[in-house]
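> let's see this in three dimensions:
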Amino acid sequence: MLYGELCQHLDKFIVFCRVSIQSFDTHLENLRPHAIYSDTCLQYFISGEERLLVTLRFLATGNSFALLHFKSLLVKSTIAKLIVETCEHIWGTLRTTVMPTPTWQQWLEIAYGFQKAAQFPNCIGALNRKHVHVNKPPNSGSLNYTCNQFFAVLLAVVDSSYCFVIVDIRAYGSALMNSNNSLFRMCWQLLSNQLDLPEPCQLPQSLGPPAPYVFVADEGFGLNQNVLKPFAYCGLDTRRCIFN
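Numbers count the residues shown, from 1 in each chain. Prediction:
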């Protein structure tokens, strides 16, 4: 009933779900093959529209299952199960389309974006970790406990338009307590055989040797052939300060 009413008001639909009706319908078509259930003598099946609406509302607001229970009239345990199932289906169907492993042509496009926006040549992404507050996973102890005193972890590469290019959400949050470098090694071991990076080339207006394409990161990361970081902020001279 709510879906039918929201479809009559495009602006309110976007506010409620944080996606347009067109995007919703696209997700719904991808979800339908995984959400075909039959009524039984014990219960009615939950439609794909209802599953997706509840899931998007949860992702858009972070509302508790108890609050969603009063809005959707679904049992909390049912809400918890269908949100997990729907998220898995969305990730499984859209991962290769929304966040595929970049090709060398796409890396060059990202580098052009940084060159145009920041006059920074041969840059193929900004690398950093982000604290995302999550509930403690069951039976995980302190593995995901971070220096911000909550449970979280996200390592990501973004382009010059602040869009995610690569994400790593499988490392332990406690790795951030030690150093970004240890977390970066996990990501690099995971992706090094898949990254189709362009070959080194000369910098603009330079006669020097070819320079590799690099990710820029903060000083918490270790130097690497494809990772460039600033000088340590203690004892900076003018030249190093300008570089930073």
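> buried residues, the longest helix along the chain. List them.
Of all the segments assigned as helix in the chain under DSSP state H, the longest by residue count is helix 76-98. Under the neighbour-count criterion of 16 or more other C-beta atoms under 10 Å, helix 76-98 has Ile79, Leu82, Ile83, Thr86, His89, Ile90, Thr93 buried. Where C-beta positions appear, they are placed from N, C-alpha and C, glycine not excepted.
> nearest to Leu228 among those?
Proximity of the buried residues of helix 76-98 to Leu228 was ranked by C-beta to C-beta; the top entry is Ile90 with 34.6 Å.
> which residues touch that closest one?
For Ile90, the contact set (C-beta atoms under 8 Å, 6 or more residues apart in numbering) comprises His27, Asn30, Leu31, Thr55.
> torsion angles phi and psi at the third one?
The main-chain torsion angles of Leu31 are listed as degrees, to the nearest 10 and equal phi -90, psi -30.
> give me the neighbour count for it.
Number of residues near Leu31 (other C-beta atoms under 10 Å) recorded here: 20.
> how far away is Met99 from Tyr233?
From Met99 across to Tyr233, the span is 33 Å (C-beta to C-beta, to the nearest Å).
> scan the chain for its longest strand.
Counting residues, the longest strand in the chain under DSSP state E turns out to be strand 123-129.
> which helices and strands does that one pack with?
Here strand 123-129 is seen to pack against helix 104-118, strand 155-158, helix 180-191, strand 214-216 when contacts are counted using 3 or more C-beta pairs under 8 Å, 6 or more residues apart in numbering; DSSP states H and E.
> so Ile242, which state does it fall into?
The assignment at Ile242 comes out as helix when based on DSSP: H, G, I helix; E, B strand; the rest coil.
> that one and Leu236, how far apart?
Separation of Ile242 from Leu236 (C-beta to C-beta) stands at 9 Å.
> the more surrounded of the two?
Under the criterion of other C-beta under 10 Å, the comparison of Ile242 against Leu236 puts Leu236 first, with 14 against 8.
> that one reaches Asn244, doesn't it?
Yes. With contact taken as C-beta atoms under 8 Å, Leu236 and Asn244 are classed as touching, separated by 7.0 Å.
> which residues does stretch 5-25 contact?
For stretch 5-25, the external contacting residues (C-beta under 8 Å, 6+ apart) are His27, Leu52, Leu53, Leu56, Arg57, Leu59, Ala60.
> so the third one is in contact with Leu28, correct?
The reference is to Leu53. No. Applying C-beta under 8 Å as the test, Leu53 and Leu28 come out as separate, 9.4 Å apart.
> ok, the residue lying closest to Leu154 once chain neighbours are set aside - contacts?
Sequence neighbours aside, Lys130 is the residue nearest to Leu154 in space, at 4.5 Å (criterion: C-beta to C-beta, 6 or more residues apart in numbering). Under the criterion of C-beta under 8 Å, 6+ apart, the contact partners of Lys130 comprise Leu154, Leu155, Ala156.
> give me the low-pLDDT residue ranges for the protein?
Within the chain, the stretches falling below the threshold (pLDDT under 70) are 1, 34-44, 133-153, 169-194.
> nearest the middle, which residue of it would you pick?
Note on the chain: the residue nearest the mean C-alpha position is Val167, at 5.1 Å, using C-alpha atoms, centre = their mean.
> which of the residues in the helix or strand hosting that one are buried?
Secondary structure here is read from DSSP states H and E; on that basis Val167 sits in strand 164-168. Taking 16+ other C-beta under 10 Å as the basis for neighbour counts, the residues of strand 164-168 that come out buried are Val165, Ile166, Asp168.
> returning to what we had before: got the contacts of Ile90 as TSV, with secondary structure and distance to Leu67 columns?
As requested, the contacts of Ile90 are arranged in TSV below (DSSP: H, G, I helix; E, B strand; the rest coil; distance: C-beta to C-beta, whole Å):
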residue	secondary structure	distance to Leu67
His27	helix	22
Asn30	helix	27
Leu31	helix	23
Thr55	helix	14
